[in-house]
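S.K.: Just the structure for this:
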Amino acid sequence: REHSFPKSWFADATPMYSDLFHIVPTDGYVNGKRSNYPYGEVTSPTWTSQNGSKLGLCSYSGYTGTVFEPIDEYKGDFARNYFYMATRYENLIANWETNSTESDAVLDGTSYPCFETWFINMLIEWDTNDPVSQKEIDRNDSIYTIQGNRNPYIDHPEYVGYVWSGE
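M.R.: Next comes the predicted model:
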């Protein structure tokens with residue numbers, strides 16, 4: 001399993017540690033390669049997984065450090081996971097920026113918007129290009145039965161525009 005929002009970014013604290021909305025199944029080796037790197041886009045990968053995920057320097061404007069790029073099929077899912085984490089933990093997230101170099105690359109030290117501008121822009125693009133799927137809806141329903149809450153960005157995809165880009 002992978003904490004798509006790396007657990008080191010929130011110092012392994014609960015309830016974030018076990019929040020099912022950002023814990024996803026993964027290949028252990030690939031998860032190890034991803035490490036705590038932020039998500040991003042890579043033009044010249046230093047490593048590519050068998051399914052096409054990439055590790056390398058970020059080619060998305062605004063950041064040049066090492067990032068992990070998932071395959072297109074999951075980019076929107078991860079974007080909505082991150083929007084959920086920022087919304088659900090708005091009262092805590094401002095304190096996570098300095099927990100690691102990688103979290104500092106993505107988080108801006110505020111409660112809102114909490115993410116660096118480059119990262120918000122990329123997540124919005126990912127959300128737009130990979131809309132909510134039936135698989136995500138089914139997962140949202142399943143998590144609700146276990147955890148008792150929902151990801152509003154899955155139930156209401158229009159919230160991404162309202163909250164994150166002022167549309």
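
S.K.: what sits up against the longest helix seen in the chain?
M.R.: Longest helix of the chain, by residue count under DSSP state H: helix 72-88. Contact partners of helix 72-88, identified using Cβ atoms under 8 Å, 6 or more residues apart in numbering, comprise 4-5, 16, 19, 21-22, 24, 39, 70, 93, 112-115, 123-124, 126-133, 136, 149, 151-154, 159-160, 163-164. For the C-beta atoms, the positions are set from N, CA and C on the backbone; glycine is no exception.

S.K.: mind running it again at 7 Å?
M.R.: 4-5, 21-22, 39, 70, 93, 114-115, 123, 126-127, 129-131, 136, 151-154, 160, 164 (Cβ atoms under 7 Å, 6 or more residues apart in numbering).

S.K.: hey, C-alpha coordinates of that helix in CSV?
M.R.: Only the C-alpha atoms of helix 72-88 are listed here, as CSV (Å, rounded to 0.1, in the frame of the first residue of the first chain):
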residue,chain,number,x,y,z
ASP,A,72,-2.4,9.1,-16.8
GLU,A,73,-5.2,6.8,-15.7
TYR,A,74,-4.5,7.7,-12.0
LYS,A,75,-3.5,11.3,-12.2
GLY,A,76,-7.0,12.6,-11.6
ASP,A,77,-7.5,10.2,-8.7
PHE,A,78,-4.4,11.4,-7.0
ALA,A,79,-5.4,15.0,-7.6
ARG,A,80,-8.7,14.4,-5.9
ASN,A,81,-6.9,12.6,-3.1
TYR,A,82,-4.7,15.7,-2.5
PHE,A,83,-7.7,18.1,-2.6
TYR,A,84,-9.4,15.8,-0.1
MET,A,85,-6.4,15.8,2.2
ALA,A,86,-6.2,19.6,2.1
THR,A,87,-9.9,20.0,2.8
ARG,A,88,-10.2,17.3,5.5
